[in-house]
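Enquirer: just a sequence and a predicted model for now, questions to come.
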Amino acid sequence: MEWFDSLSLIDGPVPVIVSVLGALGGVWLVVSTSRRYSRRALPIAATVAIVVTAVGYVVVEKVWRPFPDPIATSIYVWIGVGLSALFAVVSRLLAARGVLGKLTTVGAAVLVVAAAALHVNLEFDAYPTVGNALGVESAARIQFSDVPAAVEQTVSGTPLDSVWTAPADLTTAGRVTSAPIPATASNFSARDAEIYLPPAYFADPRPLLPVLVLLAGQPGAPEDWLNGGKLAQTMDNFARDRAGLAPVVVVADGTGSSIANPLCVDSPLGNVDTYLSRDVPDWIDATLQVDRNRAHWAIGGLSYGGTCSIQMATNHPDVYPTFLDLSGQREPTLGDRDRTVQQAFGGNSAAFTAINPLDLLKSRRYPDSAGIFVVGADDEDYKPGQQEMYDAAKAAGMDVQYVEVPGGHSFAVWSEGLRRELPWLATRTGLTS
């Protein structure tokens, strides 16, 4: 079934087929010989779906506001389409004739919902394949207890590839595992981290590899980097051409839950700053056999995680002197500055300014820091902020680049951004020449 798991949900025939079948399913749900269904049940179902969707929109966008930026209108439209099918299916079952008609009705509703879900996915490219959507592992996974212990002989040097020779029996693919990272200093309630270990990590003697800490977006989870982010695939491809060498990647949790927005600071919302700047590095040092020279460490992330990466780079340049900001915001936000300052900083604007990257870049110099700002060429909401951050970072003495990748605010941009900038990252962190 490997062929089935690898079917693309982004390109090729599957999106077209599912869309066509969904349209046919919609026609079946709309068309009926029952006048009662056509004149009463169907309009009621559609009306209820519209009302529920509208209420959801108001709650999410105007009242609750769990996300710093508005959800695209098209998402709500597709949610409404899916709800319409679900609300209509019971009445359509009663109007259907015979077993075949009822089975067709159920199938039609499933197809409409599937098409709606597919189009929501197309907005973000979060699940590139059928296997990703079904939760099938796309990389070789091991238990954390099976990660090899530290070896006596290690290989170190800068660049590392100049002193490393891969053994003949080196595996061609890395391994993925997960583990909790204790919040000893921060007391932050974090989910388990996802960890990528390249082929060279399993060699003896072992090269002391650089570290890349990655962060997901909001809403999101660490495993997003393995699905839409294509992390293992990107790293394996990189290592395959470099004798098994690639960074050790720790995808840490920077939010605590899928919808939480603790702003990557220490506040009543959670001590994420201390978690990422102390707990995560301390755990990596104590648990993984890697290069401990912080000059060879980097942090990166997408959207919220991109904002968080520049926050870490400006607030803790001694820990993360290198960063990869993929479609980050111009500042940490709960939707607007006033709400952010009130809820996370107790109304203290000076406390916000003291940690805000844009303000820090205007008041400090960072001659030893470097980074890349990546954004989708079609991402009109995030491009201005990324350009402003790039200009400020450059003025503050950072060695920075600004890169636009085809696409919008989606994993198509973020996975490609990581793939494209990985060679620069490897050179910057002492892995390659």
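Expert: Sure thing, it's come through. Numbering: from 1, shown residues only.
Enquirer: make it CA atoms for all contacts and neighbour counts henceforth
Expert: Will do.
Enquirer: can you tell me the closest non-neighbouring residue to I355?
Expert: N315 (6.6 Å; CA to CA, 6 or more residues apart in numbering).
Enquirer: with adjacent residues omitted, what lies nearest to D5?
Expert: Setting aside the residues directly before and after it, D5 is nearest to G131 in space (CA to CA, 6+ apart), at 4.0 Å.
Enquirer: typo on my end, D291
Expert: Counting by CA to CA, 6+ apart, the residue nearest D291 is L208, at 4.7 Å.
Enquirer: quick one, what contacts the one you found?
Expert: Taking CA atoms under 8 Å, 6 or more residues apart in numbering, we find L208 in contact with 154-156, 289-291.
Enquirer: re earlier: wait, is the residue nearest to D5 part of a helix?
Expert: Yes. Counting by DSSP: H, G, I helix; E, B strand; the rest coil, G131 is part of a helix.
Enquirer: that one is in contact with A139, isn't it?
Expert: No. If you go by CA atoms under 8 Å, G131 and A139 don't touch, sitting 11.1 Å apart.
Enquirer: picking that back up, now the phi/psi pair for the residue nearest to I355, please.
Expert: Main-chain torsions, N315, degrees, to the nearest 10: phi -90, psi -30.
Enquirer: now for it: which residues touch it?
Expert: By CA under 8 Å, 6+ apart, the residues touching N315 are 355, 357, 360.
Enquirer: 10 Å instead?
Expert: 265, 273, 277, 309, 354-357, 360-361 (CA atoms under 10 Å, 6 or more residues apart in numbering).
Enquirer: go on, V405?
Expert: By CA under 10 Å, 6+ apart, the contact list for V405 reads 374-379, 412-414, 416-417, 420.
Enquirer: give me the low-pLDDT residue ranges for the stretch 51-200 of the chain?
Expert: For the stretch 51-200 of the chain, the stretches with pLDDT under 70 are 138.
Enquirer: go with 50
Expert: Counting by pLDDT under 50, the stretch 51-200 of the chain contains no low-confidence residues.
Enquirer: partner strands of the helix or strand containing Y196, parallel or antiparallel?
Expert: Assigned by DSSP states H and E, Y196 falls within strand 193-197. Paired with strand 193-197 in the same sheet, following DSSP bridges, are strand 175-179 (antiparallel), strand 248-252 (antiparallel).
Enquirer: hey, C-alpha coordinates of the first one in PDB?
Expert: Written as PDB, here are the backbone C-alpha positions of strand 175-179 (Å, rounded to 0.1, in the frame of the first residue of the first chain):
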ATOM      1  CA  ARG A 175      15.700   8.100  12.300                       C
ATOM      2  CA  VAL A 176      12.900  10.000  14.000                       C
ATOM      3  CA  THR A 177      12.000   9.700  17.600                       C
ATOM      4  CA  SER A 178      10.100  11.700  20.300                       C
ATOM      5  CA  ALA A 179      10.800  12.500  23.900                       C
END
